[in-house]
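J.: Give the three-dimensional model of this entry:
(2 chains)
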Number of protein chains: 2
Amino acid sequence: MSTLSEAEIRHRLDPLRVINAIESAFRDLYPNVVIPLRTHLETDAGVFLIMPCYDRAGHALGMKLVMVQSRPARPEDRIQATYLLLEAETGLPKLVIPANYLTDLRTAATSAIATKFLAREDARVLGIFGTGRQARAHIKVVPLVRGFERVLICGRDANQVVEFAREISVESGLRVEPVDASTCAAESDVLCTCTSSAVPLFDGSLLRPGTHLNAVGAFQPRSRELDSAAVGRSRIVVETYDGAPEEAGDLLIPRKEGVISRDHIVADLHQLVSRKRLGRTQPSDITLFKSVGCALEDLATAKLLA
Amino acid sequence: MSTLSEAEIRHRLDPLRVINAIESAFRDLYPNVVIPLRTHLETDAGVFLIMPCYDRAGHALGMKLVMVQSRPARPEDRIQATYLLLEAETGLPKLVIPANYLTDLRTAATSAIATKFLAREDARVLGIFGTGRQARAHIKVVPLVRGFERVLICGRDANQVVEFAREISVESGLRVEPVDASTCAAESDVLCTCTSSAVPLFDGSLLRPGTHLNAVGAFQPRSRELDSAAVGRSRIVVETYDGAPEEAGDLLIPRKEGVISRDHIVADLHQLVSRKRLGRTQPSDITLFKSVGCALEDLATAKLLA
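T.: You can find the predicted model right below:
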């Protein structure tokens, strides 16, 4: 049984390789992998998730353990993850690693894959709601698939947004601007919501035709980052049919309200990347990719470290 | 994150302390622990089980991972387990250990607890079906609760049984005798079935009144070590109502046949050890304890190593 530090993992995981690994996993492996429903365990600290995945073809077995704390000591500790890559034959652990960066990166890489297949080729403005780990990962990874010229950042705390924008601008070399929610919604070509908000972040009627949305933050039935207007206007692609449509308030609440039906979902990520179904049909479509996290993304990424 | 070797674990886990830890866990903690249904993942190698447990009162969180191989390289490798004791607050691993011996010991300790509460005080003959790791653990642990004078061993391979009996006799200082299945069934006061057999090991009509049975080996719906006669004649105590009655062929098959109903189960282990329900009502009762393994046993045992 071996381990790696977060620093080693950060050094070893090249974002482009992660994008490719997850894309080919969803294209080629997804129909044959076994992904049991993840276990949700309510604890006094928060929600503890167990996310196993078995890839028969690749002879790989692994699982992620995630605690989502309700009252973390520091906001950046809200999500704490560990990955276990196991011997497929014996189930014994061969690699046990901290998986916070892995989680941030694989989530952003999955958004990047959706963006590659759904966003307009001429997308130039990337909008981000949030200033946490996922926001940071998305700003690092999503620009690998489109030629963004501006990044707009919107967050709850104005000072924090300014500080975050300054940092990111230095790191990324991109032009990064703090903006309010309406500007972020109205001026982004690709908009990523990476917050822990339980309620919609902006008025969906502000979205311009042609926008692509990646909704990342909400993963429970009563939480959502998008309002029903945004969802009702979108062609929706989900990560998996078992996941977001059953777990995320972004889709469950508009469905309950009758704004969308299940038919509103035009594809899952497997169908999208294997080109079995079309996401965007015309430049004026608003497209939405809704993810809640899938154990295959973790396994595909962890395999790069074995 | 720390680890221990199997040898260190063997040295540190005193069987009597394990018996006491599991007994008090079932008596005091069980009503408030959270034990999600264990995940069964069918792999090419066998069945992979994920068994989490959260003890709110004790602020403890952990899980066992178990591969039960269908075609192990060596029979003693059939069950391979790992235990993860986690920080209850963050879900991060504090102890990751090989858990084969832990599994053998906690299973035998649980049988010993059932034996303590269900077997006749004057039980003198311990019968064991099986010559594997569980058989060995039961011979080590169950005699801690009753004053056995003889141990009868029955197994498929006559040479192996003789060899096993010789070894065990040296280790335990008990009089150990290889016997056939009918003798084992008819002459034991406490009888433990510790095999991977899918079909009944003996004719249940041979059991003498007053016998206590611990049925350990079968944990899937179509496998059983006991026939319907043995089960029909018994006052049944289960480890948990969620476990054995739903998972084990020993109980499911006689229920399907109409030999027993669910009412036939007189108690679970919590009710037994907290004396809320009575297992044995008279010396002539045949009592049966059926276990499939419960995540609380692992957590209670692993906590002794923290």
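J.: next structured bit after the helix or strand where A:His138 lies?
T.: Per DSSP states H and E: A:His138 is located in helix A:133-141. Heading C-terminal from helix A:133-141, the first helix or strand you meet, by DSSP H and E, is strand A:150-154.
J.: and the closest residue to chain B within the stretch 201-306 of chain A, what is it in contact with?
T.: Here the stretch 201-306 of chain A gets closest to chain B at one residue, A:Ala295, 11.0 Å apart by Cβ to the nearest Cβ. (Each C-beta comes from the backbone N, C-alpha and C, glycine too.) By Cβ atoms under 8 Å, 6 or more residues apart in numbering or on different chains, the contact set of A:Ala295 is A:Ile35, A:Arg38, A:Met51, A:Pro52, A:Cys53, A:Gly62, A:Met63, A:Lys64.
J.: between these, which is nearest A:Ser70?
T.: A:Ser70 lies nearest to A:Arg38 out of these, by Cβ to Cβ, at 18.1 Å.
J.: doesn't A:Phe48 make contact with that closest one?
T.: No. Contact criterion Cβ atoms under 8 Å: A:Arg38 and A:Phe48 do not qualify, at 10.3 Å.
J.: ok, those two, which is more surrounded?
T.: Applying other Cβ atoms under 10 Å in any protein chain shown to A:Arg38 and A:Phe48 shows that A:Phe48 carries more neighbours, namely 26 against 21.
J.: The more buried one: what's it in contact with?
T.: A:His40, A:Leu41, A:Glu42, A:Leu65, A:Val66, A:Met67, A:Val68, B:Pro52, B:Tyr54, B:Leu61, B:Gly91.
J.: Please repeat the previous calculation with a cut-off of 7 Å.
T.: A:Leu41, A:Met67, B:Leu61, B:Gly91 (Cβ atoms under 7 Å, 6 or more residues apart in numbering or on different chains).
J.: Can you get me a residue count around the last one?
T.: A total of 26 residues lie near B:Gly91 under the criterion other Cβ under 10 Å.
J.: correct me, but A:Lys140 touches A:Leu16?
T.: No. When contacts are counted by Cβ atoms under 7 Å, A:Lys140 is not listed as touching A:Leu16 (11.1 Å).
J.: More neighbours: which of the two?
T.: Neighbour count, other Cβ under 10 Å: between A:Lys140 and A:Leu16, A:Lys140 has more, with 18 against 12.
J.: Mean confidence (pLDDT) on the longest helix seen in chain A, please.
T.: Counting residues, the longest helix in chain A under DSSP state H turns out to be helix A:100-118. For helix A:100-118, mean pLDDT is 98.
J.: From A:Gly147, how far off is the closest residue to A:Pro283 other than its chain neighbours?
T.: Excluding the flanking residues, the one nearest A:Pro283 by Cβ to Cβ, 6 or more residues apart in numbering or on different chains is A:Gly210, at 5.5 Å. Separation of A:Gly210 from A:Gly147 (Cβ to Cβ, to the nearest Å) stands at 16 Å.
J.: residues contacting A:Leu269?
T.: Taking Cβ under 7 Å, 6+ apart as the definition, contacts of A:Leu269 comprise A:Phe26, A:Ala114, A:Val237, A:Glu239, A:Thr240.
J.: count of neighbours near the last one?
T.: Just to be clear, that refers to A:Thr240. Counted by other Cβ under 10 Å, the residues lying close to A:Thr240 total 20.
J.: Go ahead and confirm it touches A:Ala267.
T.: No. Counting by Cβ under 7 Å, A:Thr240 sits too far from A:Ala267 to count as a contact (10.9 Å).
J.: tell me the domain boundaries of chain A?
T.: What automatic domain parsing lists as the domains of chain A is A:6-102+A:296-303, A:117-294.
J.: Pipe the ones you listed into a markdown table and attach distance to B:Leu152 per row.
T.: Compiled in a markdown table, the domains of chain A are given as follows (distance: least, Cβ to Cβ, whole Å):
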| stretch | distance to B:Leu152 |
| --- | --- |
| domain A:6-102+A:296-303 | 33 |
| domain A:117-294 | 51 |
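J.: Give me the neighbour count for A:His11.
T.: Around A:His11 there are 10 residues (other Cβ under 10 Å).
J.: For it, what is the enclosing helix or strand?
T.: Going by DSSP H and E, A:His11 is in helix A:6-12.
J.: which other helices and strands contact that helix?
T.: helix A:100-118 (3 or more Cβ pairs under 7 Å, 6 or more residues apart in numbering or on different chains; DSSP states H and E).
J.: what about the helix it packs on and chain B, any contact?
T.: No. Interface with chain B: helix A:100-118 contributes nothing (Cβ under 7 Å from any Cβ of the partner chain), its closest point being 9.7 Å away.
J.: Could you look up the next helix or strand downstream of the worst-scoring helix or strand of chain A on mean pLDDT?
T.: For chain A, using mean pLDDT, DSSP states H and E, the weakest element among its helices and strands is helix A:244-247, scoring a mean of 90. As assigned by DSSP H and E, the chain's next helix or strand after helix A:244-247 is helix A:249-256.
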